[in-house]
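Visitor: just a sequence and a predicted model for now, questions to come.
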Amino acid sequence: HVVLHRFDDSREHLQMTIARVRANPPSERILALLAPALRQVPLNLARAVRDMFERPHRYGSVLDLAMTTGLPPMSVYRYLGSANLGSPKKLLVAAKLTRSLTYLRDPGYSVHDVAIKVGYKHPRILTAHAIEVFEITPSRVRSRLTEDDAIALIVRWIDLGDNGMKSNQRWVPGP
């Protein structure tokens, strides 16, 4: 994104540009699907989950989520489980993969760059998670997986609902 001095650098235009760059539509879509369940957990945990989807690079483990909330790790597991959100680890992986979708769409980022940007210490962990959730490598996600398909697979993986897919149905990439 480029802002030209004395051409499109008005305060309003600059604020809109910053908001657009910061926005992450895949994360917003997943968070919208999580919203009903997040209403069932304490507010500090709901805020931390939202932050985890917006800035996954700040969270390396469930302990980071627990520290952000001020809750013991077991309470985080209990609250998320009672809200049918699955495990905090699954949510963390979902957050990292969701943010990865945005970066993988940009051909200027290598898979290694994407892995580092979302907080993985090694690209092979991103690859393992992508294969687990999407059944394809991150480099293939770029060309074979639409945003809608990726979100459906993430939602199904964390058990938020079937989103049009049967639980025994497997997604098969197009040509």
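Guide: Nice, I can see it. Numbering: from 1, shown residues only.
Visitor: show me where this protein has helices.
Guide: Using DSSP state H, the helices of the chain run over residues 11-22, 25-38, 43-54, 62-69, 73-82, 88-104, 111-117, 123-134, 138-144, 147-157.
Visitor: tell me how far the third one is from the chain's mean position?
Guide: Average the C-alpha atoms of helix 43-54, do the same for its chain, and the two points are 12 Å apart (C-alpha atoms, centre = their mean, to the nearest Å).
Visitor: tell me what angle it forms with helix 73-82.
Guide: Per axes from the mean of the first three to the mean of the last three C-alpha atoms, to 10 degrees, the angle that helix 43-54 makes with helix 73-82 is 80 degrees.
Visitor: helix 43-54 packs against which elements?
Guide: The contact analysis (3 or more C-beta pairs under 8 Å, 6 or more residues apart in numbering; DSSP states H and E) places helix 43-54 against helix 25-38, helix 62-69, helix 73-82, helix 88-104. (Each C-beta comes from the backbone N, C-alpha and C, glycine too.)
Visitor: average model confidence for that helix?
Guide: The average pLDDT within helix 43-54 is 96.
Visitor: angle of it against helix 62-69?
Guide: 130 degrees.
Visitor: before we move on, what about the second one?
Guide: Taking the same axes, to 10 degrees, helix 25-38 and helix 62-69 form an angle of 70 degrees between their directions.
Visitor: so which bits of helix 25-38 are buried?
Guide: Neighbour-count burial for helix 25-38, counted by 16 or more other C-beta atoms under 10 Å, picks out 26-27, 29-31, 33-34, 37-38.
Visitor: cool, the fifth one as well?
Guide: Using 16+ other C-beta under 10 Å as the burial criterion, the residues of helix 73-82 that qualify are 76-77, 79-80.
Visitor: now for those residues, which pair is the farthest apart?
Guide: Tyr77 and Tyr79 (7.6 Å; C-beta to C-beta).
Visitor: need the helices and strands packed on helix 43-54 in JSON lines with mean pLDDT and distance to Pro56, can you?
Guide: Output for these, formatted as JSON lines (pLDDT from 0 to 100; distance: least, C-beta to C-beta, whole Å):
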{"stretch": "helix 25-38", "mean pLDDT": "92", "distance to Pro56": "9"}
{"stretch": "helix 62-69", "mean pLDDT": "96", "distance to Pro56": "10"}
{"stretch": "helix 73-82", "mean pLDDT": "96", "distance to Pro56": "16"}
{"stretch": "helix 88-104", "mean pLDDT": "94", "distance to Pro56": "4"}
